[in-house]
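> Give me a model of this one.
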Amino acid sequence: EIYTLSLHDALPISTADHKVILFGCIEQRFWDRWAAAAGRDDLVGRQHAGADSAVEWGNIDERVLVAEVIRTKTQTQWVPLAAEHGFALSPAHQSVAEVVGDPHIRTRNVFVEDRHPVAGPVSYLGSAAIVDSQPYRVGRHAPAPGEHTGEILAELGIAKEDISRLVATRSVADERGDLC
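Predicted coordinates:
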C-alpha cells in the first residue's frame, strides 16, 4: 500500500542524495514499520514522552533523529521501502518533470496523453477518483476556437440570421476557428 501525504501531515527531510521526502510516520504502526525497514530496531516502539499513540513532531530531538536516519539512504531507496513495508513516506518533487515522471503518479493516470483533432498530441489531467479497471478517458476534446460559436449563440436565443450576420461581419469566430 502506498500512502499519499500532504505537508500538513508530513515532515520534509533531505535524503542522502539531497532530494526531499515527506515523512509522515506519526502513527505508531507507521513509525514502527519505518524503524524496522530502516534497520533501527532500537526505535521500534519508541514514543515521545506523553505521546498518545502518535510520534510527536514538537520535540527537536525527534526531528533530528528522524533526519539523521533519513539521510542514510537516497530518495530512490526510501520510496520502494515505504511501499514494501507500508509506512507513510513519499517523494517531495521539486519540478513538474519529476511529478510527471513519478512511477506512482504514472500508475494512477494523473496525466493522460491523447490526440486533439486540431492541436495534435496533448496531455490532460486525469480524474482524481480512481476506479479499478476503469482507466481515465477523455470524453471530449477541448474545442477549437469558434467550434461551438453557432450552437452557443443559438442557445442564447440569437436568431440564425443574426448569427450569420455576426460571422459575415467577422464579429465572432466561426467553426473553422477564424476570428471573424
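> And stretch 75-82, what's buried?
With burial defined by 16 or more other Cβ atoms under 10 Å, the residues of stretch 75-82 counted as buried are 75, 78-79, 82. The C-beta positions use only the backbone N, C-alpha and C, and glycine is treated the same way.
> now, which of these sits nearest residue 144?
residue 79 (40.8 Å; Cβ to Cβ).
> Skip ahead from whichever strand or helix holds residue 97 and say which helix or strand is next.
According to DSSP states H and E, residue 97 maps onto helix 96-101. Note on helix 96-101: by DSSP H and E, the next helix or strand toward the C-terminus is helix 103-107.
> Average pLDDT for the helix or strand containing residue 21, rounded please.
Residue 21 is part of strand 20-23, with elements assigned from DSSP H and E. On average, the pLDDT along strand 20-23 is 90.
> Show me what it is packed up against.
Contacts defined by 3 or more Cβ pairs under 8 Å, 6 or more residues apart in numbering; DSSP states H and E place strand 20-23 against strand 11-14, helix 60-70, helix 75-85, strand 89-91.
> Would you mind finding the most buried of these?
strand 89-91 (a mean of 23; mean count of other Cβ atoms under 10 Å).
> tell me the mean pLDDT for it?
Per-residue scores along strand 89-91 average to 90.
> what do you get for stretch 134-145?
Mean predicted confidence for stretch 134-145 is 78.
> That stretch spans what distance, first to last residue?
31 Å (Cα to Cα, to the nearest Å).
> Can you give me the buried ones in it?
Taking 16+ other Cβ under 10 Å as the criterion, stretch 134-145 shows residue 136 as buried.
> Excluding chain neighbours, give the residue nearest to residue 173 in space.
For residue 173, ignoring the flanking residues on the chain, the nearest one in space by Cβ to Cβ, 6 or more residues apart in numbering is residue 146 at 3.0 Å.
> Which strand or helix spans residue 124?
Residue 124 belongs to strand 120-125, assigned by DSSP H and E.
> For the next helix or strand after that strand, name the packing helices and strands.
Next in sequence after strand 120-125, counting helices and strands by DSSP H and E, comes helix 149-155. Applying 3+ Cβ pairs under 8 Å, 6+ apart, we find helix 149-155 packed against helix 160-168.
> contacts for the helix it packs on?
149-150, 153-154, 158, 172, 174, 180 (Cβ atoms under 8 Å, 6 or more residues apart in numbering).
> Give me the pLDDT value at residue 95.
Note on residue 95: pLDDT of 90.
> quick one: low-confidence parts of the protein?
Along the chain, the parts satisfying pLDDT under 70 run over 1-10, 48-59, 128, 175-180.
> if we go to 80?
Applying pLDDT under 80 to the chain flags the ranges 1-11, 47-63, 104, 106-109, 126-140, 144-145, 174-180.
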